[in-house]
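Chemist: Provide a 3D model corresponding to the input given below.
(chains A and B)
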Amino acid sequence: MNERAISVRNGRFEVDLLEGGSGDPLLFLHGVSGLEWTPLLERLSVGHTVIAPRTPGFGESTGTENLDDIHDLVIFYLDLLDQLGLHEIPSVGHSLGGMFAAELAATQPDRFSHVTLVSPFGLWDEANPVADLFSMALPDLARAMYANEKSEAAVAVATAPQARMTEVDPETETGQATIKYLVDRAKSMSTAAKYLWPIPNRGLAKRLHRVRQPGLVIWGECDGIVPPVYAEHFAAQMTNATVHIVPDAAHMVVDEQPQIVAGLIDSLLSR
Amino acid sequence: MKIEMFHLCPYRDLPEDFREQHHSVWVDVPRHLFDGEIANRTYNQTLDELKYAAEVGYDGICVNEHHQNAYGLMPSPNIMAAAMSRETEDVAIIVMGNSIALYDPPIRVAEEFAMLDCISGGRLVAGFPVGSAMDTAFGYGVNPATLREKYAEAEELILRAWEEDDVFAFDGKYTQLRYVNLWPRPLQKPRPPIWVPGAGSIETWNTCIEKGHLYAYLSYSGFKRGKQVMDGFWKVARAAGVDNPYHAGFLQLVCVADNEQELHDKYAAHTEYFFNKMLHIYPGFADPPGYRTIDTIRAGLMAQTTSFGRAGQEESTFDELRDAGNVVAGTPGQVADQLEQVINDLRIGHLMILNQFGSIPHDLAKENIRRTAQEVVPKLRHLWPEYEDHWWPQNAVVRDNIGATPE
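Modeler: Residues are numbered from 1 along each chain as shown, chains lettered A, B, ... in the order given. Next up is the predicted model:
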């Protein structure tokens, strides 16, 4: 895997790009938790060149202040794809990135050969509300994100420092590490809030019918963030998509069951 | 020194087991606990208490804005202020204030404050709070990450609407108006003084210094923690050549009685009601992402700059709250001594006192208001004689303090 920074729109955005593997390019858009080179990406990079940009506002990617709404975000990503010369590529989007992938595919259907949405945000069903992830206590958040709340990843979420409860001494090394973590989290969560606050509905339902590529909608059976019932809501409006509910997984199905998710994507791309 | 009485207009009749049985006093407080008959009594008692504070000698009376909660029943403090503009003759009417980022268009605030200033005859203080996370982000659905930007734009629009002589067009990111032409306009020229209640962010210090607004640190963490925040404010202020204590205000819960036994008998349960029920706020509603600015987090000031939530995180007793400085309680002499120390330590020219808080009933509230105003306030007014208060409404009273200076 190679990581580099790419400058978009004359430096208004400096975006980290993770790239790895060989073969035809595949675009991966990360979720609210941010971007890492995970086992899923490693597995997808066998047979594909995985291109995974870090959305402005996450990590070191800059320029989130130039993005006010989902429309700005879509245009930013189209600029980035233009710059990378990516056309007719498969896209995979998870969580917030799933919402972005759906918006992008609806805006420029011809840009994408296949579309995979994994537990995406973007629709609202009053009878089955999406969880208010911005107000959830961390242990509740961990349980909603992971099927196994005892897993290392779930415990890390449940026990992370919280800004309002944390006494920090900026003079110490530990204090600085905590502050860095809290600043990163504040930045990424406020970025997510641009597209999800207070209700994760920016009108995608009016556009989703334009996503007519061969598509996949993948959901963790125990997703406590976006309930699995949304899988059918997405598939019902996408013209050519199938639904797969993955057992023993929740919102973080990409990390919880990477082999299954990668296998489903492989089958889609062979269509 | 100016001393004002602040009223939150709390719901005084929550059940005994509220903290154990319910999720939060704010945002999702169960509506079956609301009783219109009780609210009728609460509002009218609150108005009576505010009026009484003016009668017995406070310099001003303060009301503020909160939403979807039992902690403070004034989603529109302007309604209370309108009544007080009529019911009082000379005190400052301090609306503390309107959360200007919540109004679309924010010109509504400029209009209502102008009305209040005209009705009261130039006695209005215009408060511009960012607003608590519970009120703004959860109650009114504003993205906390854009709240401050929206606030800054609203402030610019309101000030221009008050101060500019001609009709103008306003092309903002959040508000676009082809014609801005305020009618009525404030009686005070160029406008009422602006007070900014702050807690959540150190940027507010800079804003208040740059723009000349009064910084009011409203916190229930008490004066001991308050010192840390006010020291930060004064550091910024002094760097800009500002050292007038009237530039700053502080809020303090106060109760007065003749002895320890009476203090406990009269106030312990009501104080505990305030901290254990009124501040029983689900932590997830108190600090959503983006509400706290990055600079505040970098400064390691998260825990210090929150007025809500932390104070109510653990159940506390009256004695603990007194020891921590969350409430100043004692005989009039003890209270005056302690408040004088607070005033000097924090370097504040405006002290906002809560005499009714929690479940303090009407008669006891009046007693506390009267005793504080008559036996404590006169002992404090002589402070800061060498400074001029530029943050007082043009036509509000400046009480003389003859005979009140301690020997």
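
Chemist: if I look at the residue nearest in space to the middle of chain A, how far off is B:D323?
Modeler: Geometric centre of chain A, nearest residue: A:G31, 2.2 Å, by Cα atoms, centre = their mean. Between A:G31 and B:D323 the distance, using Cβ to Cβ, to the nearest Å, works out to 47 Å. C-beta: built from backbone N, CA, C; applies to glycine.

Chemist: likewise B:T331?
Modeler: Going from B:T331 to B:D323 by Cβ to Cβ gives 17 Å.

Chemist: Compare these two (neighbour count), which wins?
Modeler: Ranked by neighbour count (other Cβ atoms under 10 Å in any protein chain shown), B:T331 and B:D323 place B:T331 first, with 18 against 13.

Chemist: re earlier: show me the contacts for the residue nearest to the centre of chain A.
Modeler: When contacts are counted by Cβ atoms under 8 Å, 6 or more residues apart in numbering or on different chains, A:G31 touches A:H94, A:S95, A:L96, A:G97, A:G98, A:S119, A:H251, A:V254.

Chemist: State the phi and psi torsions of it.
Modeler: With angles defined as degrees, to the nearest 10, A:G31 sits at phi -100, psi -170.

Chemist: what pLDDT does it get?
Modeler: At A:G31, the model reports a pLDDT of 98.

Chemist: Tell me the one among the contacts of A:G31 nearest to chain B.
Modeler: Within the contacts of A:G31, the smallest distance to chain B is 12.9 Å, found for A:L96 (Cβ to the nearest Cβ).

Chemist: Determine the number of other residues adjacent to that closest one.
Modeler: For A:L96, the number of neighbouring residues by other Cβ under 10 Å comes to 28.

Chemist: Against A:I75, how distant is it?
Modeler: Counting by Cβ to Cβ, the gap from A:L96 to A:I75 is 17 Å.

Chemist: swap in B:G60?
Modeler: Taken as Cβ to Cβ, the span from B:G60 to A:I75 is 51 Å.

Chemist: Please see if the helix or strand bottoming out on mean pLDDT in chain B touches chain A.
Modeler: Sorting the helices and strands of chain B by mean pLDDT, DSSP states H and E puts helix B:294-298 at the bottom, at a mean of 82. Yes. With Cβ under 8 Å from any Cβ of the partner chain as the criterion, chain A is reached by helix B:294-298 at B:I294, B:I297, B:R298.

Chemist: Which one of the residues you listed sits in the busiest neighbourhood?
Modeler: B:I297 (27 neighbours).

Chemist: helix/strand/coil for the residue of the stretch 1-150 of chain B found nearest chain A?
Modeler: For the stretch 1-150 of chain B and chain A, the shortest gap (Cβ to the nearest Cβ) falls at B:A145, measuring 3.5 Å. Secondary structure for B:A145, judged by DSSP: H, G, I helix; E, B strand; the rest coil, is helix.

Chemist: neighbours of it, just the number please.
Modeler: With other Cβ under 10 Å as criterion, B:A145 counts 24.

Chemist: Quick check, it in contact with A:A193.
Modeler: Yes. B:A145 is within contact range of A:A193, at 5.0 Å (criterion: Cβ atoms under 8 Å).
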